[in-house]
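Enquirer: heads up, no residue letters with this:
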């Protein structure tokens, strides 16, 4: 492992970069002054189009670097040759970071950790509700779960650019780390004694929400300190995961 | 207007009937013992398929009448020739009714009225959250809004069959009727003084939620008694309409 300051600074930078693609998604981000942009990538094979001219105009006005690539290089950047339409954009997500960074800067917090939420619409809605509500960060695994994509950005209605997100390649280890730092972890269960409204929460609270059909995985559940219930009428057994996240965000 | 008891009884019956179509949706409903079924419709032009055999078997076991139609009659029943796959099913929604019926049976209530929610996913999620939460009925316009469809049933995760829904062909007149009966109407507004948690609600409360992008229409807004705010962080301006409905359902 390379721990040189240069390497770490570079890593911290690239951890915040999100590459989006497709002409509509790129155009929307370019137009949004709240979005910090690193670089616009265009394929040399693009035919002239007014939307491309407009992109270049905005880039020049905003002082954004434009790079031209052959088609295959562009698809390596977009990682989606089928849908990039010859256009990709590197966005800097100022509020993205890793757990160490978050822990060093926050003493009281509420986090929502997502253990395998796979539907991009749900992820976008969760980001929107957490950004609007009282959640300080979303903990998002980089594997086995929906990733930040143009669909997610759309469903988040632009709030992705405002919401602190902690990415982790190993949710279990990251949650263990948070526990060691004094955080309490809560899962939802219809069998829990305490309602989510009655529970007294720790100053450092993490709500762990599971996959849409499977729920929280057993290994993650074992790490949790307590489970809480959302009481439901009419024998309904569960809520949409984005709705659950929203109820917790607006506790 | 025909007001004979026979006519009214027939109308009350057909107000509760929902015809769904498509082999998967029909099969799911047939298998669900909680769903009351009126009739299974099959096209004579259907080729033999094991799923059709299974449908007939379940129908016979559950004592459900099976009717055979030529292709064009079946599409008149399903109202969706392109997607019915030669199969339609009349479901009885026991909890569907009209405003008169609801008012005569309820003195204290909380209703969520939907003024032009167009996305079926949102409608399904709203039904699910209202069924699980403390909402006594959903007021659903039959025009200019998403209608109950297989997509909505799916997004409601079966809770549609448990949730009282009042259909109206004229939302404005129905809301006026409720006001005359003593109900108070609340809309959401980021400019409202009172937070939705601080507001004291009337014993007969109707929350009016608007279209995904346009919000509540001006004519409906003028009928409302008060507006309430959901306070939001980070400059976020609005929530998904299903999330808003959920926060109100779990007040």
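Expert: Noted; the coordinates are in hand. What you are looking at is a predicted structure, and each value in this text was computed from that prediction instead of being measured.
Enquirer: and the closest residue to chain B within the stretch 51-200 of chain A, what does it touch?
Expert: In the stretch 51-200 of chain A, the residue that lies nearest chain B is residue A:132 (3.9 Å; CB to the nearest CB). In this view, the C-beta of every residue, glycine as well, is placed from N, C-alpha and C. By CB atoms under 8 Å, 6 or more residues apart in numbering or on different chains, the contact set of residue A:132 is A:159, A:249, B:230, B:232-234, B:236, B:239.
Enquirer: also residue A:177?
Expert: By CB under 8 Å, 6+ apart, the neighbours of residue A:177 are A:99, A:103.
Enquirer: tell me if it really is in a helix.
Expert: Yes - the assignment for residue A:177 (DSSP: H, G, I helix; E, B strand; the rest coil) places it in a helix.
Enquirer: up against chain B, what does the stretch 101-250 of chain A have?
Expert: Applying CB under 8 Å from any CB of the partner chain, one finds that the stretch 101-250 of chain A approaches chain B through A:121, A:125, A:128-129, A:131-134, A:157, A:159, A:162-163, A:230, A:232-236, A:238-240, A:242-243, A:246-247, A:250.
Enquirer: rerun that using 7 Å as the cut-off
Expert: A:125, A:128-129, A:131-134, A:159, A:162, A:232-234, A:236, A:239-240, A:242-243, A:246-247, A:250 (CB under 7 Å from any CB of the partner chain).
Enquirer: can you select the buried ones among the contacts of residue A:132 for me in ChimeraX?
Expert: Here is the ChimeraX command that selects the buried residues among the contacts of residue A:132 (16 or more other CB atoms under 10 Å in any protein chain shown):
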select /A:159,249 /B:230,232,236,239
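Enquirer: any idea how far the residue of the stretch 51-200 of chain A closest to chain B is from residue B:25?
Expert: Counting by CB to CB, to the nearest Å, the separation of residue A:132 from residue B:25 is 34 Å.
Enquirer: my guess is residue A:44 contacts residue A:66, does it?
Expert: No - counting by CB atoms under 7 Å, residue A:44 stays clear of residue A:66, with 11.8 Å between them.
Enquirer: ok, now how distant is the residue of chain A most remote from its centre from residue A:61?
Expert: The centre of chain A is farthest from one residue, residue A:48, which by CA atoms, centre = their mean lies 34.1 Å away. In this view, residue A:48 and residue A:61 are 20 Å apart by CB to CB.
Enquirer: likewise for residue A:210?
Expert: Separation of residue A:210 from residue A:61 (CB to CB) stands at 45 Å.
Enquirer: sorry, back to before: common neighbours of residue A:44 and residue A:66, please.
Expert: With CB atoms under 7 Å, 6 or more residues apart in numbering or on different chains applied, the contact sets of residue A:44 and residue A:66 do not overlap.
Enquirer: thinking again about what came up before, neighbour count for residue A:210 and residue A:61, which is higher?
Expert: residue A:210 (20 against 9; other CB atoms under 10 Å in any protein chain shown).
Enquirer: looks to me like that one is in a strand.
Expert: Yes - under three-state DSSP, residue A:210 falls within a strand.
Enquirer: coming back round to it: SS state for the residue farthest from the centre of chain A?
Expert: coil.
Enquirer: from residue B:152, how far out is it?
Expert: 44 Å.
Enquirer: next one: residue A:186
Expert: Going from residue A:186 to residue B:152 by CB to CB gives 32 Å.
Enquirer: the stretch 51-200 of chain A: helices as residue ranges?
Expert: A:71-78, A:99-105, A:120-132, A:150-155, A:171-180 (DSSP state H, counting those that start in this stretch).
Enquirer: if you average pLDDT over each of the ones you listed, which comes out lowest?
Expert: Here the helices of the stretch 51-200 of chain A differ in mean pLDDT, and the lowest is helix A:150-155 at a mean of 87.
Enquirer: touching that helix from outside, list them.
Expert: With CB under 7 Å, 6+ apart, helix A:150-155 has contacts from A:20, A:22, A:25, A:120-121, A:123-125, A:146, A:160.
Enquirer: what comes up buried for stretch A:51-60?
Expert: Applying 16+ other CB under 10 Å to stretch A:51-60 flags A:52, A:55, A:58-59 as buried.
Enquirer: stretch A:173-190 too?
Expert: Result for stretch A:173-190 [16+ other CB under 10 Å]: buried residues A:174-175, A:178-179, A:183, A:185-189.
Enquirer: equivalent analysis for stretch A:201-218, please.
Expert: Buried residues in stretch A:201-218, counted by 16+ other CB under 10 Å: A:201-202, A:204-212, A:215-217.
Enquirer: just stretch A:219-236 next, same as before
Expert: By neighbour count on 16+ other CB under 10 Å, the buried set for stretch A:219-236 is A:220-221, A:223-224, A:226-230, A:232, A:236.
Enquirer: which of the buried residues of stretch A:51-60 fall within strands?
Expert: Using DSSP state E, no member of the buried residues of stretch A:51-60 falls in strands.
Enquirer: so which of those residues also contact chain B?
Expert: Of the buried residues of stretch A:51-60, not one also sits near chain B (CB under 7 Å from any CB).
Enquirer: which of those residues sits closest to residue B:197?
Expert: Taking CB to CB as the measure, residue B:197 sits nearest to residue A:58 out of these, at 41.7 Å.
Enquirer: residues contacting the closest one?
Expert: A:30-31.
Enquirer: just checking, residue A:118 touches residue A:213?
Expert: No - applying CB under 7 Å as the test, residue A:118 and residue A:213 come out as separate, 8.9 Å apart.
Enquirer: leaving out chain neighbours, which residue sits closest to residue A:231?
Expert: residue A:195 (5.6 Å; CB to CB, 6 or more residues apart in numbering or on different chains).
Enquirer: got a list of what that neighbour touches?
Expert: Contacts of residue A:195 by CB under 7 Å, 6+ apart are A:228-229, A:231.
Enquirer: that one bridge partners, please.
Expert: Applying DSSP bridges to residue A:195 gives these bridge partners: residue A:229.
Enquirer: got a pLDDT number for residue A:1?
Expert: So, for residue A:1, pLDDT stands at 58.
Enquirer: how about the secondary structure of residue A:11?
Expert: Applying three-state DSSP: residue A:11 is helix.
Enquirer: tally up the residues packed near it, please.
Expert: Around residue A:11 there are 13 residues (other CB under 10 Å).
Enquirer: where in the stretch 101-250 of chain A is pLDDT low?
Expert: The model of the stretch 101-250 of chain A has no residue with pLDDT under 70.
Enquirer: which residues of it fall in strands?
Expert: A:109-115, A:137-141, A:165-168, A:184-188, A:204-210, A:226-228 (DSSP state E, counting those that start in this stretch).
Enquirer: mind listing what's buried in stretch A:155-172?
Expert: Buried-residue list, stretch A:155-172, by 16+ other CB under 10 Å: A:155-168, A:171.
Enquirer: ugh, wrong one, stretch A:91-103
Expert: In stretch A:91-103, counting by 16+ other CB under 10 Å, buried: A:91-93, A:95-97, A:99, A:102-103.
Enquirer: okay if I get the buried residues of stretch A:51-60 as CSV plus pLDDT and distance to residue B:109?
Expert: Formatted as CSV, the buried residues of stretch A:51-60 follow (pLDDT from 0 to 100; distance: CB to CB, whole Å):
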residue, pLDDT, distance to residue B:109
A:52, 96, 56
A:55, 97, 53
A:58, 97, 52
A:59, 97, 55
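Enquirer: quick one: which of the residues you listed is nearest residue A:32?
Expert: Closest to residue A:32, out of all of the buried residues of stretch A:51-60 and judged by CB to CB, is residue A:58, at 10.4 Å.
Enquirer: quick one: that closest one and residue A:51, what's the gap?
Expert: According to CB to CB, residue A:58 and residue A:51 sit 11 Å apart.
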